[in-house]
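Participant: just a sequence and a predicted model for now, questions to come.
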Amino acid sequence: MTRYTLPQGPGISFGRFKFSLPRFRFKKRRKRFLIGLGASLLLLLAVGGAVWMGGTWYANAQALLAEIRSRALEAGASATEVRTERVIEREYIPQTTQEEKVIDAVKSVSPAVVSVVGKKEITATFFGISNEGLVEQKQSLETKEVSRGSGFFVSADGMVVTNKHVVQDKNASYSVVTSAGKTYEARVLARDPVQDVAILKVSEEQKFSFARLADSSALQIGQSVVAIGNALGEFRNTVSVGVISGLGRTITASGGNFVETIYDVIQTDSAINQGNSGGPLLNLQGEVIGVNTATVIGAQNIGFAIPIDQVRRGIAQLEQSGTIAAPFLGVRYVMITPEVAERYNLPVLEGALVTANAADLAITPDSPAAKVGIRQRDIIVKIDGEKIDKENALGKIIQRHSPGDIVLLTILREGKEFSISLTLSTRTE
């Protein structure tokens, strides 16, 4: 059994009253008992003091509550600061240097990337049923979206580059939607006659973020690239990362009523889709090296972009002459392969065979080719001494020139080879 005595301890005075606190002596549980007893006595004294002091206690309590509230607010502010610091600490940290460069490139260019939307008034016809059967009742005009793609600002005053197939309808009206969600009316300044590129201008005078253009002549196979777009809808804010997998490619792009052979394009395994078509292809410095334009249907990770140097040339022409012009020879041809040579019984395995089809003449009337007497079934084997083959298509070589340039063609006709000079004319939209 635990034994203890209650000797008199020190006293506590409240006014005329004095309370003596007993001094406890025990062998076990001494500390816990003292703490509990002390807390109980303090509570009892507080209540007794409150009863004794009456109104004075109320005033002191109010001051105490005010202090508690003040400290609680300070604690809340501190907690808020701590929570803010924790959010900052949770901000994503790139795991590699390349990942950091990709993130920085996307952040720097995203404000310059826009959606390009085409709308057009279309006649809608309504029908009704009468005694004579189904009859036309009335017609009305409805404004409908006819095209959508990405683009990007190339100047602070609102010049936008996009794909030509996005703005090919000359009867449509166009607008651009920025990454901030603002819509601006835009007009088409020019459509490149040979490349899938068009240039628009925002009508409203504003200062816009714009993308920096790189030098696409220095590109390397294996170089890391980022394709970015901002088309409205399912593919909004599209970003894909890859490498350059080929340079100087020739493709035939088609979509709707649009069919065009495009030369010297960049091939990449960075996914090109409806969301980033017309948007920029970037290097890791956040500079534009190309314009996303096409993808191979049914194949994975094969996309194409037009080198930005070709676009820069078009912009310079537009600023100087108000239009984009391309050199024009005036022949329709097929590239000779062993299969083509066998089919047409040709004496060579390379070159460009001048030939017609069901829709096009072999020689365009009044063209440079027509003026110097080039004929159907002529084989153009060289231009300025440069051999024409599968790597160097006729059109690809011509596009390196400008309207007004004089070129020397080496032609094979009926087994005889000869050369002839001509002046390239201008091909416009």
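Facilitator: That came in fine, so what should we check first? None of these values were measured; they are calculated from a predicted model.
Participant: what segments of the stretch 151-300 of the chain are strands?
Facilitator: 159-162, 173-177, 183-191, 198-202, 224-229, 238-255, 258-268, 280-282, 288-295 (DSSP state E, counting those that start in this stretch).
Participant: paired strands for the fifth one, with orientation please.
Facilitator: Each strand that strand 224-229 pairs with, and the sense of that pairing, follows from DSSP bridges: strand 238-255 (antiparallel), strand 280-282 (antiparallel).
Participant: hang on, isn't residue 211 packed against residue 154?
Facilitator: Yes - in this structure, residue 211 is within contact of residue 154 by C-beta atoms under 8 Å, at 6.3 Å. Every residue, glycine included, has its C-beta placed from N, CA and C.
Participant: coming back round to it: of all the strands of the stretch 151-300 of the chain, which lies closest to residue 337?
Facilitator: Distance to residue 337, taken as C-beta to C-beta, is lowest for strand 238-255 among the strands of the stretch 151-300 of the chain, at 13.3 Å.
Participant: C-alpha coordinates for that closest one, PDB please?
Facilitator: The C-alpha coordinates for strand 238-255 follow below in PDB (Å, rounded to 0.1, in the frame of the first residue of the first chain):
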ATOM      1  CA  THR A 238       0.400  19.900 -78.800                       C
ATOM      2  CA  VAL A 239       4.000  19.300 -78.100                       C
ATOM      3  CA  SER A 240       6.100  16.400 -79.400                       C
ATOM      4  CA  VAL A 241       9.800  15.800 -79.200                       C
ATOM      5  CA  GLY A 242      12.100  13.900 -81.600                       C
ATOM      6  CA  VAL A 243      15.100  14.100 -83.800                       C
ATOM      7  CA  ILE A 244      15.800  15.000 -87.500                       C
ATOM      8  CA  SER A 245      15.800  11.700 -89.300                       C
ATOM      9  CA  GLY A 246      16.300  13.000 -92.900                       C
ATOM     10  CA  LEU A 247      17.100  16.200 -94.900                       C
ATOM     11  CA  GLY A 248      16.300  17.200 -98.500                       C
ATOM     12  CA  ARG A 249      13.300  14.900 -98.800                       C
ATOM     13  CA  THR A 250      10.800  15.300-101.600                       C
ATOM     14  CA  ILE A 251       7.100  14.500-100.800                       C
ATOM     15  CA  THR A 252       3.700  14.800-102.400                       C
ATOM     16  CA  ALA A 253       1.300  16.200 -99.900                       C
ATOM     17  CA  SER A 254      -2.400  16.100-100.300                       C
ATOM     18  CA  GLY A 255      -5.500  17.000 -98.300                       C
END
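Participant: give the buried residues for that strand.
Facilitator: For strand 238-255, a neighbour-count test (16 or more other C-beta atoms under 10 Å) marks 238-242, 244-245, 250-251, 253 as buried.
Participant: returning to that earlier point: what touches both of residue 211 and residue 154?
Facilitator: The contact sets of residue 211 and residue 154 overlap at residue 288 (C-beta atoms under 8 Å, 6 or more residues apart in numbering).
Participant: low pLDDT regions in the protein?
Facilitator: Residue ranges of the chain with pLDDT under 70: 1-91, 124-140, 232-236, 253-259, 298-299, 429.
Participant: would you map the helices across it?
Facilitator: Secondary structure of the chain (DSSP state H): helices located at 30-53, 55-89, 97-109, 308-321, 338-344, 368-371, 394-398.
Participant: and residue 189, how close does it get to residue 402?
Facilitator: If you measure residue 189 against residue 402 using C-beta to C-beta, to the nearest Å, the figure is 20 Å.
Participant: more neighbours, the two?
Facilitator: residue 189 (17 against 13; other C-beta atoms under 10 Å).
Participant: how close does the closest residue to that one other than its chain neighbours get to residue 104?
Facilitator: If you skip the residues right next to it in sequence, residue 189 has residue 199 as its closest partner in space, 4.8 Å away by C-beta to C-beta, 6 or more residues apart in numbering. According to C-beta to C-beta, residue 199 stands 28 Å off from residue 104.
Participant: look at these two and report which has more neighbours.
Facilitator: Counted by other C-beta under 10 Å, residue 199 and residue 104 do not tie: residue 199 has more neighbours, with 23 against 14.
Participant: enumerate every residue touching the more buried one.
Facilitator: By C-beta under 8 Å, 6+ apart, the residues touching residue 199 are 159-162, 188-190, 314-315, 318, 324.
Participant: buried residues in stretch 308-327, which are they?
Facilitator: For stretch 308-327, the buried set under the neighbour-count rule, 16+ other C-beta under 10 Å, comprises 308-315, 317-318, 323-327.
Participant: kindly report the same for stretch 261-281.
Facilitator: Across stretch 261-281, burial judged by 16+ other C-beta under 10 Å covers 262-281.
Participant: how near is residue 428 to residue 421?
Facilitator: Applying C-beta to C-beta to residue 428 and residue 421 gives a distance of 23 Å.
Participant: give me the more crowded residue out of these two.
Facilitator: residue 428 (13 against 10).
Participant: ok, that one - contacts?
Facilitator: Applying C-beta under 8 Å, 6+ apart, we find residue 428 in contact with 193, 323-326.
Participant: for residue 409, give its distance to residue 383.
Facilitator: 6 Å.
Participant: do residue 156 as well
Facilitator: Residue 156 is 40 Å from residue 383, by C-beta to C-beta.
Participant: those two - which one has more neighbours?
Facilitator: residue 383 (20 against 11).
Participant: please name the bridge partners of that one.
Facilitator: residue 386, residue 409.
Participant: doesn't residue 407 make contact with it?
Facilitator: Yes - contact criterion C-beta under 8 Å: residue 383 and residue 407 qualify, at 5.6 Å.
Participant: mutual contacts of these two, please.
Facilitator: residue 398.
Participant: start and end of stretch 408-420, how far apart?
Facilitator: With C-alpha to C-alpha, to the nearest Å as the measure, stretch 408-420 spans 6 Å from end to end.
Participant: mind listing what's buried in it?
Facilitator: 409-412.
Participant: could you export these as a markdown table, including distance to residue 99?
Facilitator: Formatted as a markdown table, the buried residues of stretch 408-420 follow (distance: C-beta to C-beta, whole Å):
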| residue | distance to residue 99 |
| --- | --- |
| 409 | 51 |
| 410 | 52 |
| 411 | 54 |
| 412 | 55 |
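Participant: for the residues you listed, which one is nearest residue 341?
Facilitator: residue 412 (12.1 Å).
Participant: so what's that closest one closest to, chain neighbours aside?
Facilitator: residue 379 (4.2 Å).
Participant: for that neighbour, list each beta-bridge partner.
Facilitator: Counting by DSSP bridges, the residues bridging with residue 379 are residue 353, residue 412.
Participant: from residue 340, how far out is it?
Facilitator: Counting by C-beta to C-beta, the gap from residue 379 to residue 340 is 11 Å.
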